[in-house]
Structures are given as structure tokens and as C-alpha cells.
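Asks: Next one to model:
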Amino acid sequence: MRANNERGVALILTLILLLVLSVMAVSLMFVGRAETWSSMNYRMMTQARYGAEAGVNAAANWIQNSYTAPTSTTGFGLTTTPVTYSGNPVVLSANSSVTSNYPTSSVQGAFASAATGTVAAGNTTITYKPSATLLGMESFQGYPSSTTKVVQKWLITSEATISGVRNADVQVSAVMEQQKTPVYAYAAFADAATCGALSFGGGGTTNSYDSSTLTTDSLGVATTPTFSAYGGNVGTNGNLSASGSTTAINGTLSTPRTGTGTCSTSAMTALSTNGNASVTGGLVELPQAITYDTPPAPTPTPSTTGMTVDNNNPSCTGFPAQCTAVPSTNPTALYITAGTASTSATQLGALTVKGDLHLVPPVGTTPGSTVYINAYSISTNGNPNIYIDPIPGTNPAQYAQIVLNVAAAGTIDMAGSTLSNPSLVPANFQILYGGSNQVTINGGTRTAALVYAPNAPFKLNGGGNLYGAVIASQIVDLGGGAVHYDRRLQVQFYSAGNYMLSAFNWAKY
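Replies: Alright, predicted model coming up:
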């Protein structure tokens, strides 16, 4: 009776087992399908994100290399962020869902054409469509050219899409900013990317002072500064070679290079030292090389005609009308009055200075304003004095900023002279030179100047002082000279810095 009741159990168990296996198989199929879709979603999301980043880079590349910022902020609303124009945010757009608003239609059209595009990823095509919103804008007077410069801050937003059975949409944003930067941020900067681009030795030093704290007497002669054992920062796109037991950079060394030790073209270090030479502030690694604009050429091009300041009987014969020969105790000195604007600069030829020479602002010049002298070249011998004079008739004496712009084909050799700027304000005498020939200046007790010669090698001759700053391709101070950096320069002269991308964000939507 019991046996008859158990008939068919095996079949039932088999059916149950088949059911369980079927459920498991179906579950595994769903899990596998979910994992497949999940992997596909992740892959497509990643591809779309990279596509959106490509859009950010395309927009940033166009702004950095093809876009010309306006030379005036007139018409822009700068009191809010984002910046407005005609009451609406300033926008460049290659995305049809984002409305553009830019004063110049050709700029908008060029951005829309250049910034949008596609990226192939296997059999997948990713379409990116960026837009850029102007967050900030500032205008300032550039240097070495006195033209108006504008720097801007953009928020770049890029949308990327993959279309197909399953779609992917990703948005990436980044901030792209160009800031104004101080031109003379270092006591000495050598922009050559070579070993020994900066060479200090024989007790050569740097330190700093603040010319705004100096007082002057009625003749415009400043008191002796108090020097600080910091702030004499130097920089280079290459390497600093420092030698000598008393050689000291009282500040930092900034360079894209790293490490210390022997420098070679195949293994360029930041710093090479011997003889206990030191950099007291340590090394600062630059994110990229620093480039300096070539100064504008003197206009019109100065004549190559020789002009000589004689040491026995100085005469204005052969000099322009801005020359005056004034008897002093002994001997007579020549006075050259600068022009009030770069377009009306006093024009000198191939100048040879053997006797005393005074460079003078015009009568009535506003203190602190810029006046100009152009020259084909300047050389000295016989140890004459070159004086930077205050504005005639000011009491107490006040100074203008005299700019000496030398033609690129010319030379600057002031090794055989004493340069005297009694104010000890280096901005009161600026030397601009776009050429590549050697530039040499003697150090002295009142030698205060700014040297801007980014394409030329520079030598500080002798063991005297130079108050100010130097920008050159290579800088040599091996005679124990001291470069006293004026910290006031950090807020006086500016140029537009490199663009920087930051603050990346992304979202899937």
C-alpha cells in the first residue's frame, strides 16, 4: 500500500529541480544582461566624458591661440559676474541650446565653427558642443608696449553626446583664466633654457629694498636704502650656476627645472653650486617656461649716424634740437631732453659717450609720467658720467620715467661709464632692447635702472651695485656685483600672463 503511494515522486522532484535550474538560469541571464548594460553605460559615459573634455580643450585652444580680446572694456558690465553686454551675460556658443551674446558677430561665428566637432571611439561617434561664458574682465596698460591690455576669465562648458540604441550625455566645465602679472617679478630673470643661463660668482649677491620708503633731499638725492636679506628672487627657464664662498641669492630660484648638481644639455638641473654659494629661499618649480614679449622697435628707426659726447669740449653739433651744452665746473656737459611720447621720442644715432651726459625730462613733465629717447646704439669709454636728471624747475626735485629704447641692430655697452640715478628708483630709467647683442652695464653706488632685453645676454660689469631688475636671455654677474631688487616693482609694470585651466567639474545627465 505504501509503495503505491510513493509512485511518481522522482518525476515531481525532477520537475522541481528543473524549475529551480530554470529560475537560476533566467536569473543569471538577467544578471549578465544587467552587467552588460552596466559595462556599456560606464564605457559610454567615459567616452562621452572624454568627448566633453575634448570640447573644453577645443574651446580653450581657440581662446588661447585664435581669439583677440577687445582692447577696451567700454560697453561691458564689469560690476557683476558673469560679465554682461547689453544687459545679458557675454557668451560664445557652439551649442544650439545655449544662446550666444558677443559684441562682434565674426568672433562668435569663428568660435562656433572652430570649437564644435566629433571624436571617433571605435564604431562610436561622440559629438561635443562647447560654450564659454565670460566671468571676469580687466584692462590695464601693458609693458613694454604702453598699449592697453585686457585679461579675461572664462567658464567653458562642453556637452558631449553619443547617439544610438542607448544614449549618453555628459557635461564637463572648467575655468580658463588669464591674469595680469608683474613684469619685473625677479631681481634677475634669464629666459634662455640653457645651463648657466644665470651665472653668479665672485661674491655676487641679490637682496631687496623698497624705493617707496626712501626720502630725497631738495636736489632729488635719495637716502641710502635699508636692504633686506630676502626678496632678491631670481628665475630662469634654464639653470643657475652659482660659485664662490660669499655668493648668495637672498631669495628663491624659480625655474621649470628640478634638482641640484652638475648641469648638462641631456640632464639639466635647476641649480649648480660650488664654493658654498647659496640660494637662501630654496627652489620654486615653475609649471611652464616664462616668455617675455620683444619690446617695440623705436619708431622711426634711429639713424646710424655717429654722435659723440666729447670729453674735452662737448658740443651739440650733429645732435638733435633737444641737445643743450651747459657749462659746469669742468668740463662742459651735454643735456639731452626726452620726448613726451613714444611717437615723439628724441632721436639719437650711434651714440658714443666720452664726456658727461645728462638725460633730462622736458620742463613741465608730470612727475612719474613716461618720457622717451630712441637711439641706434650706445657705447661709452673714458669713464664718463651718465646722469638721470629730475624734472627741471621742480623743487623739491621730482622725476619722470625716462625710457631709452635702443634699435635691435645696435649695441649697449656702458662698461666704460658710471650711471647715476640719484633717486635710486629704477623705474626712473628704463632700457628697452629687442636685439640679441651683448648688453653691459657698470655697477655703481647710484646705478638704478630696469633692463628689459629678453633676446640679449646681459653682463653686470665690475663689483658695483645695480638697483632694480634685469630681464635678458642670459645674465652674468661674476665680479661680485650686487643686484638690489626694488620690491615696489611688483605693483608697477604688468603684462598678460599665460592662460591657465582649473576647476574641472563634470556631470552625467
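
Asks: what's around the closest residue to Thr324 other than its chain neighbours, how many residues?
Replies: Distances taken as Cβ to Cβ, 6 or more residues apart in numbering place Tyr335 nearest to Thr324, at 4.5 Å, with adjacent residues excluded. Heads up, the C-betas are built off the backbone N, CA and C, glycines and all. Neighbour count of Tyr335, defined by other Cβ atoms under 10 Å: 19.

Asks: Skip ahead from the host helix or strand of Tyr335 and say which helix or strand is next.
Replies: Assigned by DSSP states H and E, Tyr335 falls within strand 333-337. Going down the chain from strand 333-337, the next helix or strand is strand 346-353, by DSSP H and E.

Asks: In terms of secondary structure, what does that following strand contact?
Replies: strand 306-309, strand 333-337, strand 370-380 (3 or more Cβ pairs under 8 Å, 6 or more residues apart in numbering; DSSP states H and E).

Asks: what residues are up against Phe189?
Replies: Val234, Gly235, Thr236, Ile290, Tyr292, Ala469, Val470, Ile471, Ala472, Ile475 (Cβ atoms under 8 Å, 6 or more residues apart in numbering).

Asks: picking up where we left off before, residues in contact with the strand holding Tyr335?
Replies: Contacts for strand 333-337 (Cβ under 8 Å, 6+ apart): 309, 314, 316, 319, 322-326, 346, 348, 355-362, 373, 389.

Asks: elements contacting the longest helix seen in the chain?
Replies: Assignment by DSSP state H gives helix 9-65 as the longest helix of the chain. If you count contacts as 3+ Cβ pairs under 8 Å, 6+ apart, helix 9-65 packs onto helix 105-115, strand 117-121, strand 124-141, strand 148-162, strand 168-182, strand 494-508.

Asks: What is the nearest of the contacts of Phe189 to Asp217?
Replies: Ala469 (25.5 Å; Cβ to Cβ).

Asks: burial of that closest one, as a residue count?
Replies: With other Cβ under 10 Å as criterion, Ala469 counts 28.

Asks: Check which helix or strand it maps to.
Replies: strand 465-477.

Asks: Show me what whichever helix or strand comes after that strand is in contact with.
Replies: Sequence-wise, the next helix or strand downstream of strand 465-477 (DSSP H and E) is strand 482-486. Residues from elsewhere that reach strand 482-486 (Cβ under 8 Å, 6+ apart): 186-188, 204-211, 225, 227, 231-233, 251, 425-427, 443, 460, 464-470, 477.

Asks: follow-up on the earlier one: quick check, distance from the longest helix of the chain to the centre of its chain.
Replies: Chain-centre distance of helix 9-65: 49 Å, with Cα atoms, centre = their mean, to the nearest Å.

Asks: can you give me the mean pLDDT across it?
Replies: Averaging the model's pLDDT scores along helix 9-65 yields 79.

Asks: Can you name the next helix or strand after that helix?
Replies: Immediately after helix 9-65, counting by DSSP H and E, sits strand 76-77.

Asks: Name every strand pairing with that following strand and say which way it goes.
Replies: As defined by DSSP bridges, the strand partners of strand 76-77 come to strand 84-85 (antiparallel).

Asks: Past the partner strand, which element shows up next along the chain?
Replies: Scanning forward in sequence from strand 84-85 by DSSP H and E, the next helix or strand is strand 88-89.

Asks: returning to that earlier point: please produce TSV containing the helices and strands packed on strand 346-353, extended by mean pLDDT and distance to Pro182.
Replies: Output for the helices and strands packed on strand 346-353, formatted as TSV (pLDDT from 0 to 100; distance: least, Cβ to Cβ, whole Å):
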stretch	mean pLDDT	distance to Pro182
strand 306-309	95	35
strand 333-337	94	30
strand 370-380	97	17
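
Asks: Redo those strands as JSON lines? Include distance to Ala507.
Replies: Listed next are the helices and strands packed on strand 346-353 as JSON lines, based on distance: least, Cβ to Cβ, whole Å:
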{"stretch": "strand 306-309", "distance to Ala507": "68"}
{"stretch": "strand 333-337", "distance to Ala507": "64"}
{"stretch": "strand 370-380", "distance to Ala507": "50"}
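
Asks: and Phe200, which of the ones you listed is closest to it?
Replies: It's strand 370-380; of those, that one is closest to Phe200 (Cβ to Cβ) at 24.4 Å.

Asks: Which secondary structure elements does that closest one sit against?
Replies: Packed next to strand 370-380, using 3+ Cβ pairs under 8 Å, 6+ apart, are strand 346-353, strand 401-406, strand 412-414.

Asks: returning to that earlier point: Trp62: which of the contacts of Phe189 is nearest?
Replies: Within the contacts of Phe189, proximity to Trp62 (Cβ to Cβ) peaks at Ile290, which comes in at 23.5 Å.

Asks: ok, the closest one - contacts?
Replies: Phe189, Asp191, Gly235, Asn237.

Asks: show me the residues around the nearest residue to Thr370 once chain neighbours are set aside that make contact.
Replies: Among residues not flanking Thr370 along the chain, Gln401 sits closest, at 4.6 Å (Cβ to Cβ, 6+ apart). Contact analysis of Gln401 by Cβ under 8 Å, 6+ apart lists Gly368, Ser369, Thr370, Val371, Ala427, Asn428, Phe429, Gln430.

Asks: before we move on, what about Ala297?
Replies: Asn405, Ala407, Ala408, Gly434.

Asks: cool, and Ala503?
Replies: By Cβ under 8 Å, 6+ apart, the contact set of Ala503 is Ser173, Ala174, Val175.
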